[in-house]
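*Asks:* Predicted structure and sequence below. I'll ask about it afterward.
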Amino acid sequence: QWDLFKKHHAKGSYKGLWTSYNYIGDVVDEVVASVNLDYDEENDTIEQSHTIVVGATKADCATCFDTFETKVIPVAKYTSNDLRKIRLGSIGMVSGPTLMRSGAMATELILSHGDGRIRVVFQHAPVWAADVEPGSGPPSGLKLFRTLVSREALRDEPPTFESETATPPTDGNPTFSRGVPPFTWHKEWAGTSWTWGPQAGNKGWQMDRMEEADAWHGRPTGDGPNVWNLRLPGGILLHCPRVVSNDEAGIFRLAWMPTEETLVRMEVSIMALQPMIMEDETLVGFYPPSLGSLRCDTMTKIGDLPDLPRFIDQEKDTILPKSEEELKLEGDDSAWQ
């Protein structure tokens with residue numbers, strides 16, 4: 001776990017644009033910030049902090065630089081014996097699930113490739129049945145209310161359409177602001193898979209060919225009515241439960257195509273609202289939410305499928321990136337499926 005953390009994530013300051021989406025997929029907030037993961041080789045520790053841009057002054061001449069006011073927020077210090085609620089599998093990392101002070105649950109999924117990462121934080125809040133007064137008893141479930149997505153990289157500035165046009169990423173590093181047609185997901189994939197579970201522990205195996213049933217990245221709306229989904233430019237697909245309940249494990253998924261030939265995926269299951277019952281069958285509370293399983297796949301394209309699904313139109317179904325100015329004027333409504 002410690003070696004995976006150092007190799008794939010603790011490599012410096014990941015600058016990004018943190019974009020928050022509400023339940024219907026609208027952008028509700030954007031923040032320029034960085035996740036700093038600094039490895040102290042002498043003490044063998046990793047310190048995490050966040051640098052948030054809280055203000056900026058525009059330069060009034062062509063040869064001057066803009067100035068930014070930032071705020072650094074310490075987050076945590078990790079050691080090989082204390083990773084808090086972090087679990088790693090290959091290039092993937094999950095942090096949580098974590099209970100926030102507000103009572104909401106946060107689940108963070110991260111995939112790394114080259115100098116970049118996709119980091120997603122799903123936030124679920126308590127909800128009650130329609131005929132129950134909120135707060136009058138135990139919640140019926142945890143409903144998704146916000147999702148934060150950060151495209152971040154070890155670069156001098158956050159990866160945006162403008163910055164990647166001015167300075168294209170080098171070979172082996174992802175281009176975040178590019179159009180990825182849906183049919184690009186439907187290929188023959190092969191690679192490696194890493195799994196973890198409380199009983200089985202860590203396991204890995206070679207996957208010579210991905211079976212159709214396992215190719216959930218090609219089903220953007222998911223496999224059931226309780227799946228919330230969001231497909232974004234740059235080859236990003238998110239799945240999570242609309243409502244997490246104690247009836248079954250909640251499945252959270254993140255798929256990313258950092259290049260046309262590469263597919264990385266992460267899937268975790270979460271258990272929440274598990275009742276804590278006394279011997280007299282009195283409900284006294286809930287156990288803290290816990291991680292049930294983790295799977296991370298690193299795949300390479302080995303060929304094309306013989307037939308594309310009928311619902312795909314290669315010309316009409318392409319998501320093209322928008323510039324920052326277009327996003328400000330229009331809002332990124334094309335992201336919601």
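*Replies:* Good, I have the coordinates.
*Asks:* Show the residue spans covered by the helices in the stretch 201-337 of the chain.
*Replies:* Along the stretch 201-337 of the chain, the segments classed as helices by DSSP state H, counting those that start in this stretch run 324-330.
*Asks:* Poorly predicted segments of it, please.
*Replies:* For the stretch 201-337 of the chain, the stretches with pLDDT under 70 are 279-284, 307-337.
*Asks:* how close does Pro181 sit to Pro306?
*Replies:* Going from Pro181 to Pro306 by CB to CB, to the nearest Å gives 18 Å. All C-beta spots, glycine's among them, are computed from the backbone N, C-alpha and C.
*Asks:* higher neighbour count, the two?
*Replies:* Pro181 (17 against 6; other CB atoms under 10 Å).
*Asks:* For the more buried one, report the pLDDT, please.
*Replies:* Per-residue pLDDT puts Pro181 at 83.
*Asks:* Also Thr147?
*Replies:* Turning to Thr147, the model gives it a pLDDT of 97.
*Asks:* Also Ile73?
*Replies:* pLDDT, Ile73: 91.
*Asks:* What residue, apart from its backbone neighbours, is nearest it spatially?
*Replies:* Excluding the flanking residues, the one nearest Ile73 by CB to CB, 6 or more residues apart in numbering is His50, at 4.6 Å.
*Asks:* Going by secondary structure, the one you found is in what exactly?
*Replies:* strand 45-57 (DSSP states H and E).
*Asks:* Which positions in that strand come out as buried?
*Replies:* By 16 or more other CB atoms under 10 Å, the buried positions in strand 45-57 come out as 46-51, 53.
*Asks:* Pipe those residues into a markdown table and attach pLDDT per row.
*Replies:* Shown next, in a markdown table, are the buried residues of strand 45-57 (pLDDT from 0 to 100):
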| residue | pLDDT |
| --- | --- |
| Ile46 | 95 |
| Glu47 | 94 |
| Gln48 | 93 |
| Ser49 | 94 |
| His50 | 93 |
| Thr51 | 92 |
| Val53 | 87 |
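*Asks:* so which of those residues comes closest to Met278?
*Replies:* Set against Met278, the nearest of those by CB to CB is Gln48 (38.7 Å).
*Asks:* Quick check, the closest one in contact with Ser34.
*Replies:* No - between Gln48 and Ser34 there is no contact, the gap being 11.0 Å when judged by CB atoms under 8 Å.
*Asks:* Strands along the stretch 201-337 of the chain, start to end?
*Replies:* Secondary structure of the stretch 201-337 of the chain (DSSP state E, counting those that start in this stretch): strands located at 201-207, 227-232, 236-241, 243-244, 250-259, 262-271, 275-277, 283-286, 290-304.
*Asks:* mind checking which of the ones you listed is nearest Ser136?
*Replies:* Here strand 283-286 is closest among the strands of the stretch 201-337 of the chain (CB to CB), at 13.9 Å.
*Asks:* from what I can see Ser177 touches Glu164, true?
*Replies:* Yes - at 5.4 Å, Ser177 and Glu164 qualify as touching, with contact defined as CB under 8 Å.
*Asks:* If you count surrounding residues, which of those two has more?
*Replies:* Per other CB under 10 Å, whichever of Ser177 and Glu164 has more neighbours is Glu164, with 22 against 19.
*Asks:* give me every residue that touches that one.
*Replies:* Taking CB atoms under 8 Å, 6 or more residues apart in numbering, we find Glu164 in contact with 175-177.
*Asks:* Any chance of those in a markdown table with distance to Val227, secondary structure and pLDDT as columns?
*Replies:* Formatted as a markdown table, the contacts of Glu164 follow (distance: CB to CB, whole Å; DSSP: H, G, I helix; E, B strand; the rest coil; pLDDT from 0 to 100):
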| residue | distance to Val227 | secondary structure | pLDDT |
| --- | --- | --- | --- |
| Thr175 | 28 | coil | 91 |
| Phe176 | 24 | coil | 92 |
| Ser177 | 26 | coil | 87 |
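*Asks:* Wait, Trp194 touches Cys296, no?
*Replies:* Yes - the pair Trp194 and Cys296 qualifies as a contact (CB under 8 Å) at a distance of 4.8 Å.
*Asks:* Among these two, which residue is more densely surrounded?
*Replies:* Neighbour count, other CB under 10 Å: between Trp194 and Cys296, Cys296 has more, with 26 against 20.
*Asks:* which residues does that one form a beta bridge with?
*Replies:* Beta-bridge pairing of Cys296 under DSSP bridges involves Trp194, Met266.
*Asks:* Noted, bye for now.
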